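# model this:
(one chain, ligands or ions: 2)
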Amino acid sequence: MRVLLVHPSPLMHSEVFLKLEPLGLERVAQALLAAGHQVRILDLQIFGHREYVRELDTFKPRAVGFSLNYLANVPEVLDLAVAARSRRPGTFLFAGGHSASFIAEELVEHGGGVLDCVVRGEGEIAAPRVLEALGDPRLDTVPGVVTRTGAGPAPVLLDDLDRFPPARDLTRQRRRYFLGVLDPCASAEFTRGCPWDCSFCSAWTFYGRSYRKASVEAIAEDLARVAEPNVFLVDDVAFVHPEHGFDIGRELERRGIRKEYFLETRCDVLIKNREVFEYWKRLGLRYMFLGLEALDEEGLKLHRKRVTPGENFKALEIARELGFTAAINIIADPDWDERRFAIVREWALSVPEIVHLTVNTPYPGTESWLTESRRLTSLDYRLFDVQHAVLPTRLPLRKFYEELVKTQGILNRKHMGLAALRDTAGIVARHLLRGQTNFVRSLFKWNGVYHPDRQSGDHARPVNYAMKPPGLVASPQLRGRQLYIHQAMGRSASERSA
Ligand code: B12
Ligand code: SF4
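Ligands and ions are numbered 1, 2, ... in the order given. This next block holds a predicted model:
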């Protein structure tokens, strides 16, 4: 069967700083190829909607699958589905991905039920089964599947991460994927899941707090196939188990695979497993993203981050000592006033790290969604992108955006624009020689994307698809389990995460 897999357009953050390959879709594509289907991927982070129409007309897919990791992409995906339905009425339309999994029931109702089904959880096992059951009225008995008529049992976690290596050859114009100076940049996955349980995050509820590792051989095989000189590790928390990191590193050394890497990890993991990061420095690890989230004890407790400010600052020192460039994130609360923004500005300017500021946003699938959603000021999916305020702001909304954008702008100027061009002149020259212009262009894009007028104006757009807030949950103990997407395999998820 001909299957077109579509990744939606970039959100604000990706309009400037990075664009990365849709690794989840590439894995689903591999599973569909293995089942004998003919598959194409269209990444709308790179291509325009005109290309989508062209694919529908020329490839004539029997099924179109949309990736919905990001809640803010929901209206775009529904519009794309409506367009496919009117252009090629017999096409089977389905969606999957992180956010889709948490709002499956409401998604199948939108647009007059334009989506034939939503697949909850990991797509590698479910997507081929869905296509096998196409036309069968018992489609809604497939694990993970939700249709307008019913829902199958909970999906089961993939038992072996090695099984479906990403079908990277299906993504076109790969040289447009980049992450800051890592231009061009591929993505790779060493592990899946997160054993922690921060209240603002849905990574742990999606995977039921499990933590699975790909084998060293499969990882090395995959990296050997990557043509790009740079790799972004999509793992939620890199090197939770340091021995896995050491084993992968040794295998890469044995095979002579050399790349530059960017990864994400937690401050306490960097402190505890310092040696493995130090070892990876020798292998090409240059950049790391550390989720700081808050500067004070109270904020960290609120996000249930399970680290102290002292540990956070110690981790920054370690990153500096080891010579990494660290990017950190602080969550701006809509409740902030001018003074709080000023404190963060002052602190951020006093440290050498790249500091990002995102807005506290309760997402479906997080605990905050259950505790905060009654206070939502908007039900517009598009505003749920951590660059907009969807909870009541203490400052007037326009003023909040002024403070946010002013602060982001000041932090941005530390590492972007002319200053960055001066500091990275050698790298830029090498990029330009190879015809890579993503990074240099990104340095001057910020002002055209971030603006209080744009952000406050976005609240006035007509809402064609409104979100459904959840009912209130009485018992806090119920919350975690209530949110889990997958059924555990055999042993409980918490046992596997140990
Ligand atoms: C890597 C990553 C990124 C990369 C994205 C690369 C890309 N193009 O997709 C980068 C760094 C660019 C990024 C940016 C952002 N991210 Co991000 N990101 C992640 C992260 C850590 C892992 C995603 C991943 O690649 N996983 C590995 C692959 C193999 O899995 P997967 O993509 O989930 O795909 C599987 C399933 O979802 C499913 N599936 C996926 N698509 C489809 C399609 C079909 C048809 C089917 C059947 C199944 C299916 O099957 C796949 C295989 O099992 C997740 C957290 C998480 N653990 O999911 C956050 C996460 C998705 N990001 C998040 C956020 C908030 C952002 C930003 C908005 C942050 C910001 N600062 O602005 C930006 C927006 C980016 C944009 N779209 O423009 C939130 C999403 C919140 C939400 N509910 O909308 C998450 C959940 C993290 C969190 N803290 O809660 N992100
Ligand atoms: S924020 Fe990081 S550590 Fe916390 S649950 Fe999410 S992925 Fe895990």
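# Show the low-confidence segments of the stretch 51-200 of the chain, by residue range.
Residues of the stretch 51-200 of the chain that meet the criterion pLDDT under 70 are absent altogether.
# what residues does it put near ligand 1?
65-67, 69-71, 94-99, 119, 122-124, 126-127, 189 (CB under 6 Å from any ligand atom). Where C-beta positions appear, they are placed from N, C-alpha and C, glycine not excepted.
# Residues of the stretch 201-350 of the chain that sit close to ligand 2?
Proximity of the stretch 201-350 of the chain to ligand 2 (CB under 6 Å from any ligand atom) is limited to residues 201, 203-204, 236-237, 266, 291.
# Okay, and which of the residues you listed map to helices?
Among these, DSSP state H puts 203-204 in helices.
# Quick check: strands, which of the residues of the stretch 201-350 of the chain next to ligand 2 are part of them?
In strands, judged by DSSP state E, the following of these are found: Gly291.
# Output those of the residues of the stretch 201-350 of the chain next to ligand 2 also counted as contacts of ligand 1.
Filtering these for neighbours of ligand 1 using CB under 6 Å from any ligand atom leaves 201, 203, 236.
# tell me the secondary structure for Tyr401?
Following DSSP: H, G, I helix; E, B strand; the rest coil, Tyr401 is assigned to helix.
# Which of the residues of the stretch 201-350 of the chain next to ligand 2 sits closest to Cys185?
Here the nearest of those to Cys185, counting by CB to CB, is Asp236; it sits at 18.3 Å.
# Please list only the buried members of the residues of the stretch 51-200 of the chain next to ligand 1.
Using 16 or more other CB atoms under 10 Å as the burial test, those include 65-67, 69-71, 94-99, 119, 122-124, 126-127, 189 as buried.
# Now intersect the residues you listed with the strands, please.
65-67, 94-96, 119.
# What is the neighbour count of Val269?
Val269 is flanked by 21 other residues according to other CB atoms under 10 Å.
# Am I right that it is in contact with Phe239?
Yes: the pair Val269 / Phe239 is scored as a contact, 6.5 Å apart, by CB atoms under 8 Å.
# Show me the shaky parts of the stretch 351-498 of the chain.
Within the stretch 351-498 of the chain, the stretches with pLDDT under 70 are 415-422, 471-482, 487-498.
# which residues of it fall in helices?
367-372, 397-415, 417-423, 425-433, 438-442, 446-449, 452-457, 476-483, 493-497 (DSSP state H, counting those that start in this stretch).
# Kindly reformat those as a markdown table containing mean neighbour count and distance to Leu322.
A markdown table is the format used below for those (neighbours: other CB atoms under 10 Å; distance: least, CB to CB, whole Å):
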| stretch | mean neighbour count | distance to Leu322 |
| --- | --- | --- |
| helix 367-372 | 20 | 33 |
| helix 397-415 | 19 | 19 |
| helix 417-423 | 13 | 20 |
| helix 425-433 | 13 | 20 |
| helix 438-442 | 19 | 23 |
| helix 446-449 | 14 | 29 |
| helix 452-457 | 16 | 36 |
| helix 476-483 | 13 | 34 |
| helix 493-497 | 16 | 27 |
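# So which of those helices is nearest Pro184?
Closest to Pro184 of the helices of the stretch 351-498 of the chain, according to CB to CB: helix 438-442, at 7.2 Å.
# what does the closest one contact?
16-19, 176, 178, 180-181, 183-184, 416, 421, 424, 427-428, 431-432 (CB atoms under 8 Å, 6 or more residues apart in numbering).
# Using PDB, write out every CA atom in that helix.
Listed next in PDB are the C-alpha coordinates belonging to helix 438-442 (Å, rounded to 0.1, in the frame of the first residue of the first chain):
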ATOM      1  CA  ASN A 438      21.300  27.400   8.100                       C
ATOM      2  CA  PHE A 439      23.300  28.500  11.100                       C
ATOM      3  CA  VAL A 440      24.400  31.900   9.800                       C
ATOM      4  CA  ARG A 441      20.900  32.700   8.600                       C
ATOM      5  CA  SER A 442      19.500  31.700  12.100                       C
END
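# right, is it up against ligand 1?
No: applying CB under 6 Å from any ligand atom, one finds helix 438-442 separated from ligand 1 by no less than 12.8 Å.
# Now the stretch 351-498 of the chain against ligand 1: closest residue?
With CB to the nearest ligand atom, the shortest gap between the stretch 351-498 of the chain and ligand 1 falls at Tyr363, namely 4.0 Å.
# For burial, what's the neighbour tally of Pro137?
For Pro137, the count of nearby residues is 9 (other CB under 10 Å).
# What sits closest to the residue in the stretch 101-250 of the chain positioned nearest to ligand 1 if chain neighbours are left out?
Residue of the stretch 101-250 of the chain nearest ligand 1, by CB to the nearest ligand atom: Gly123 (2.6 Å). Nearest residue to Gly123 in three dimensions, chain neighbours excluded: Val28, at 4.0 Å (CB to CB, 6 or more residues apart in numbering).
# Now do the contacts for the one you found.
5, 65, 67, 96, 123-124, 127, 164.
# need these in a markdown table with distance to Thr308, can you?
Shown next, in a markdown table, are the contacts of Val28 (distance: CB to CB, whole Å):
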| residue | distance to Thr308 |
| --- | --- |
| Leu5 | 43 |
| Gly65 | 43 |
| Ser67 | 37 |
| Gly96 | 38 |
| Gly123 | 38 |
| Glu124 | 38 |
| Ala127 | 42 |
| Phe164 | 40 |
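# check contacts around the residue nearest to the spatial centre of the chain.
Central residue of the chain (CA atoms, centre = their mean): Asn69, 6.6 Å from the mean position. Residues in contact with Asn69, defined by CB under 8 Å, 6+ apart, are 24, 97-99.
# Out of those, the closest to Gly457 would be?
Closest to Gly457 out of the contacts of Asn69 is Ser99 (23.9 Å), distances taken as CB to CB.
# Can you give me the distance of that closest one to Pro128?
Distance, Ser99 to Pro128, using CB to CB, to the nearest Å: 22 Å.
# Also Met288?
Going from Met288 to Pro128 by CB to CB gives 36 Å.
# who's more crowded, the two?
More crowded of Met288 and Pro128, by other CB under 10 Å: Met288, with 24 against 19.
# got the contact list for that one?
The contact partners of Met288, by CB under 8 Å, 6+ apart, come to 238, 262-265, 270, 277, 319, 324-327.
# In helices, which of those residues fall?
Among these, the members found in helices (DSSP H) are 270, 277, 319.
# what's the closest of those to ligand 1?
Within the ones in helices among the contacts of Met288, proximity to ligand 1 (CB to the nearest ligand atom) peaks at Leu270, which comes in at 16.9 Å.
# thought the closest one was touching Phe277?
Yes: between Leu270 and Phe277 there is a contact under CB under 8 Å: 6.0 Å.
# what residues do the two have in common as contacts?
288, 318.
# ok, which stretches of the stretch 101-250 of the chain are helices?
With DSSP H, counting those that start in this stretch as the criterion, the stretch 101-250 of the chain has helices at 104-107, 110-113, 123-132, 203-206, 216-225, 242-255.
# which one of those is the most hemmed in?
Highest mean neighbour count among the helices of the stretch 101-250 of the chain (mean count of other CB atoms under 10 Å): helix 203-206, with a mean of 24.
# What is that one packed up against?
Contact partners of helix 203-206 among helices and strands, from 3 or more CB pairs under 8 Å, 6 or more residues apart in numbering; DSSP states H and E: helix 98-102.
# Buried residues of stretch 275-289, list them for me.
So stretch 275-289, judged by 16+ other CB under 10 Å, has buried residues 276-277, 279-280, 283-289.
# Closest one of those residues to ligand 2?
Phe289 (10.1 Å).
# A strand includes the closest one, no?
Yes: the assignment for Phe289 by three-state DSSP puts it in a strand.
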